[in-house]
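>>> fold the following for me, if possible:
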Amino acid sequence: MICFPNAKINIGLNITGRKPDGFHIIETILFPVELCDVLEFVEDNKIKGEYHLNSTGIKLNVSAEDNICIKALKLIKKDYDIPSVSIRLHKIIPAGAGLGGGSSDAAHMLKALNKEFHLNISNKKLQKYAGQLGSDCPFFITNSPSLAYDTGNKFRELDITLYGYYVVIVYPNIHISTGLAYSQAFIKRPESSLEEAVRLPVGEWKNVLKNDFESTIFPKYPVLNNIKKQLYNMGALYASLSGSGSALYGIFESVPEISRQFDDYLVWQHKA
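Reported below is the predicted structural model:
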């Protein structure tokens, strides 16, 4: 079984409060993009133990035991009889970038196990499993544009599209801890309704859609603000930090000429 866990971008992100347990209350729109990892596994009764993991591509600084795909496997094995598997994960989506790569790997692992071993688990139940692995993991079960709210663990699908636009993602080789980003975040009332704003023409988004993390992340990493400005200089209709960063993206009407300033960064572009 082979699958391609995709990334996401955040269109707008409002940090609106904090719960008694310390978790922040947010609202953001999660939008899937086709920047993908590669995840493959096969049944393998010759290996010792429940799994063998081979990770290639971008290096992950975690043990196999702590890899989120293995956590997904072990979670589902508690309730279902799944044979030993050999797993290969080829990482292309950078970690600490705000692109949801790890969450997507976990969700796609759950979906692939369900399909390969005919477990007949409903999407609703898969989402419950995914929710135990990360707040945005359930989004990747349905993988449709969605409003994420509460602590980012509740979702409502939205009928929005970027069909015909070009999306450019720039990752400047900076790893940003999500926990640290939230600990420094400001809480404020949003200036506009996220759902109403996103239904405006894309060219108007820059006037109404904000990512609240930018106010604390940009002063610490000025290069990120410079990249955002450069995306606008290249003709982006809208540009933003994704999640808590450090990846930024721009949305263009036509194929952009990529700036030479991005030569040392990971740059991905695709027509939606």
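>>> residue boundaries of the strands in the stretch 151-272 of the chain?
Along the stretch 151-272 of the chain, the stretches classed as strands by DSSP state E, counting those that start in this stretch are 154-157, 166-171, 238-241, 248-252, 266-271.
>>> run the angle between the fourth one and strand 266-271 for me.
The one in question is strand 248-252. 30 degrees (axes from the mean of the first three to the mean of the last three C-alpha atoms, to 10 degrees).
>>> what residues sit buried inside strand 248-252?
Of the residues in strand 248-252, Leu248, Tyr249, Gly250, Ile251, Phe252 count as buried by neighbour count, 16 or more other C-beta atoms under 10 Å. Placement of C-beta: from N, CA and C, glycine included.
>>> where's the fourth one relative to Val202, distance?
Spatial separation of Ile251 from Val202 under the definition C-beta to C-beta, to the nearest Å is 6 Å.
>>> can you check the last one too?
Phe252 sits 9 Å away from Val202, going by C-beta to C-beta.
>>> what do these two both touch?
Counting by C-beta atoms under 8 Å, 6 or more residues apart in numbering, the shared contacts of Phe252 and Val202 are Tyr165, Leu237.
>>> quick one: contacts of stretch 137-147?
With C-beta under 8 Å, 6+ apart, stretch 137-147 has contacts from 5-6, 8, 27-32, 100, 103-104, 106-108, 110-111, 123, 126-128, 130-131, 148, 153, 155-161, 194-195.
>>> end to end, how far does it reach?
End-to-end distance of stretch 137-147: 14 Å, with C-alpha to C-alpha, to the nearest Å as the criterion.
>>> could you shift the numbering so residue one becomes 10, and keep it that way?
Got it, the first residue is 10 from now on, which makes the last one we talked about stretch 146-156.
>>> so which bits of that stretch are buried?
Cys146, Pro147, Phe148, Phe149, Ile150, Thr151, Asn152, Pro154, Ser155, Leu156.
>>> which one of those residues is nearest Ala281?
Distance to Ala281 across these (C-beta to C-beta) is lowest for Pro154, with 10.9 Å.
>>> tell me the spacing between that closest one and Ser249.
From Pro154 over to Ser249 (counting by C-beta to C-beta), the distance is 15 Å.
>>> then Pro103?
17 Å.
>>> quick one: which of those two has more around it?
Neighbours per residue (other C-beta atoms under 10 Å) separate Pro103 from Ser249, with Ser249 holding more: 27 against 22.
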